[in-house]
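1. build me a model from this:
(2 chains)
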Amino acid sequence: MFLLLQLIPLVVSAQDSLLNILKDEKPPVNYAEAAFKATRIVIGQSIENPAQGNMLLLITHHFGALNTGYENLYGLKQATIRIGMEYGLTKRLAFGFGLNTDRNTWDGFLKFKLLRQRSGGKRFPFSLSLFANTAIYTTKWENPDRKNYFISRMSYCFQVLLARKFGSRFSLQITPSMVHKNLVLTSADHNDIYTLGGGGRIKISNRVSINAEYHHVFNGQVRSTNVYDSFSTGVDIETGGHVFQIFLTNSMGENEEGFLANTTGRWNKGDIFLGFNITRIFTIIQPKSYRE
Amino acid sequence: MTSPENRFTMKRFWIVILLIAGFSLCGYSQTYVTKNGMIRFYSEAQLEKIEAINRQVNAALMNPTGDIVFKVLVKSFNFEKAMMQEHFNENYMESDKYSEATFVGKITNIKDINFTKEGTYPAFVEGKMTIHGQTQLMKQKGTLEIKNDAVTARAKFNILLADYKVSIPNTVVNKISRSIEITIEVTMTKLTK
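-> Residues are numbered from 1 along each chain as shown, chains lettered A, B, ... in the order given. Below is the predicted model:
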């Protein structure tokens, strides 16, 4: 009787031992995906790139300031729009360009995923991307009488995006940035402007998240105008092939140079802009893993 | 009173007895395994066709007990659209939480399958399927093909998303079929130890 009792586990465990055979010698590498739903946290770059072979159309729209009163329908009468395109060249590298109605600015950027957060086999605690863009405004010269150089139209932005996805609901990103303007208003203004910021998101359902983003511009860099820290907050709503981001911000600018180094609005004065981003994703090249 | 050494030998004796008993109970057994089987799922709804393929399916079969197990990493399903794949993992399967899908069961008519003779045999499978953390009993009919010392298991069946608590939001309810067709093809070879 005793013997038989001892045998039961042997019989029962036959299937378990089969499952044990299937156990991997080393656990598979599991990359943290979709720390953010879109390539923007709110107005600034998130760690996300379009997937390889995917093209993304991004329309950014900021209305005028809420404190402009009823005559101006609280900002609804104005609009600043950026129409942008982004493409995932490889798993790590994406490029994009856009056209902004603010001073008819064209911009182009490269974004590279240097490090990727992963669990399982080879653990790594965070993701790190590098971002660089160039913006060129193309409206008429403000001072046509002086000698103007084409490069005076250009500004650049370099960012390090450092993000971590904590579980499936919460993601956090730290974004140090440097903006370089070839031409500044006065000689007291710095050409290089450093900011430190970041943002995060909390998913409140599988398809909706609340996001916030903040950028601190260090004092004494911009002297001729009063610039303030940029703060934006909003919701991401994901439907099938679109991501809608609806937000409030004190930055009118939609390019990095605009919202990092040239935010003149203040939340406590009511310089708040209602805005939205619409992201539409198109598959241009199907993943190789599927085509085979 | 028995000395510690004696107790030790007694223990060993029981282990030996157990092992002998265990082996005689199981008799001769052969295990077939694979790590690159295929599972495809397909659903066609009013607006959208959804198809994904996984070529890293783990499976094992034991003859003559008929025990059969499948294990897949949910994240290794590949889609036509990267975005679909992201939504599949993030919104529907919650793959960070439920990283694996498994089936643990038995081929009930294993006695009718002659592993030494090449051919295709009908196979009746019964067991527990776990997807999205939900376990369901299931009974399916498939085939086993014996060829060149390898065993290929094939099956095609439908599962209901609701059985596995995979919820579809109202906004996309017309885009996603509630029933998913699953096709399995795994070729297992003899496990040599």
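2. can you map out the helices along chain B?
-> Remark: helices assigned in chain B by DSSP state H are B:4-26, B:82-87.
3. worst mean pLDDT among those?
-> In terms of average pLDDT, helix B:4-26 trails the rest of these, at a mean of 64.
4. so what's A:Asn72 up against?
-> The contact partners of A:Asn72, by CB atoms under 8 Å, 6 or more residues apart in numbering or on different chains, come to A:Gly64, A:Gln78. Where you see a C-beta, it was placed from the backbone N, CA and C, and this is true even at glycine.
5. which of the three states applies to it?
-> helix (DSSP: H, G, I helix; E, B strand; the rest coil).
6. just give me the neighbour total for residue 167.
-> Assuming you mean chain A. Other residues within reach of A:Gly167, judged by other CB atoms under 10 Å in any protein chain shown, total 10.
7. to clarify, I was referring to chain B.
-> Neighbours of B:Ser167 under the rule other CB under 10 Å: 11.
8. tell me the residues of the stretch 151-292 of chain A that contact chain B?
-> Contact residues, the stretch 151-292 of chain A versus chain B (CB under 8 Å from any CB of the partner chain): A:167-168, A:206-207, A:238-241, A:281, A:283, A:286-287, A:289-290, A:292.
9. considering the residues you listed, which possesses the most neighbours?
-> Using other CB under 10 Å as the neighbour test, these are led by A:Glu238, with 26 neighbours.
10. ok, that residue touching A:Arg207?
-> Yes. Counting by CB atoms under 8 Å, A:Glu238 touches A:Arg207, with 4.6 Å between them.
11. overlap in contacts, the two.
-> With CB under 8 Å, 6+ apart as the test, A:Glu238 and A:Arg207 both reach B:Asn91.
12. over in chain B, which residue gets nearest chain A? Let me know.
-> Nearest to chain A in chain B, going by CB to the nearest CB, is B:Ala82, at a distance of 3.3 Å.
13. pLDDT weak spots in the chain?
-> Just so you know, I chose chain A. Across chain A, the ranges flagged by pLDDT under 70 are A:1-14, A:25, A:292.
14. oops, I was thinking of chain B
-> B:1-8, B:18-28, B:193.
15. so which residue is smack in the middle of it?
-> B:Phe70 (1.8 Å; CA atoms, centre = their mean).
16. that one and B:Val104, how far apart?
-> For B:Phe70, the distance to B:Val104 equals 8 Å [CB to CB, to the nearest Å].
17. restricting to C-alpha, output stretch A:31-51 in CSV.
-> Extracted C-alpha coordinates of stretch A:31-51, given in CSV (Å, rounded to 0.1, in the frame of the first residue of the first chain):
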residue,chain,number,x,y,z
TYR,A,31,12.0,43.4,-24.8
ALA,A,32,9.8,45.9,-23.1
GLU,A,33,7.5,47.1,-25.8
ALA,A,34,5.2,50.1,-26.0
ALA,A,35,6.3,52.1,-23.0
PHE,A,36,4.3,54.9,-24.7
LYS,A,37,1.5,54.5,-27.2
ALA,A,38,2.8,57.2,-29.6
THR,A,39,6.2,58.6,-30.6
ARG,A,40,5.3,61.7,-28.5
ILE,A,41,4.7,61.6,-24.7
VAL,A,42,2.6,64.7,-25.1
ILE,A,43,4.4,67.3,-27.2
GLY,A,44,8.0,66.0,-26.9
GLN,A,45,9.6,62.8,-28.2
SER,A,46,8.9,59.6,-26.4
ILE,A,47,11.3,56.6,-26.5
GLU,A,48,9.1,54.9,-29.2
ASN,A,49,9.9,54.6,-32.8
PRO,A,50,7.7,53.5,-35.7
ALA,A,51,8.2,49.8,-36.1
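18. check contacts around A:Leu260.
-> Remark: with contacts taken as CB under 8 Å, 6+ apart, A:Leu260 is in contact with A:Gly44, A:Cys157, A:Ser177, A:Val179, A:Ile193, A:Thr195, A:Gly197, A:His215, A:Val217, A:Ser230.
19. what about the last one, how many neighbours?
-> Going back to what we said before, that points to A:Ser230. By other CB under 10 Å, the residues close to A:Ser230 number 27.
20. go ahead and confirm it touches A:Gly199.
-> No. With contact defined as CB under 8 Å, A:Ser230 does not reach A:Gly199; the gap is 10.5 Å.
21. what is in contact with the two at once?
-> Both A:Ser230 and A:Gly199 are in contact with A:Glu213, A:Tyr214, where contact means CB under 8 Å, 6+ apart.
22. now the strands for the stretch 1-150 of chain A?
-> Secondary structure of the stretch 1-150 of chain A (DSSP state E, counting those that start in this stretch): strands located at A:29-31, A:54-65, A:79-88, A:93-100, A:105-115, A:118-120, A:127-137.
23. out of these, which gets nearest to chain B?
-> Of all the strands of the stretch 1-150 of chain A, it is strand A:54-65 that lies closest to chain B, at 5.5 Å by CB to the nearest CB.
24. for the closest one, packing partners?
-> Secondary-structure packing of strand A:54-65 (3 or more CB pairs under 8 Å, 6 or more residues apart in numbering or on different chains; DSSP states H and E): strand A:79-88, strand A:93-100, strand A:273-283.
25. turn those strands into CSV, including distance to A:Leu22.
-> Shown next, in CSV, are the helices and strands packed on strand A:54-65 (distance: least, CB to CB, whole Å):
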stretch, distance to A:Leu22
strand A:79-88, 33
strand A:93-100, 36
strand A:273-283, 33
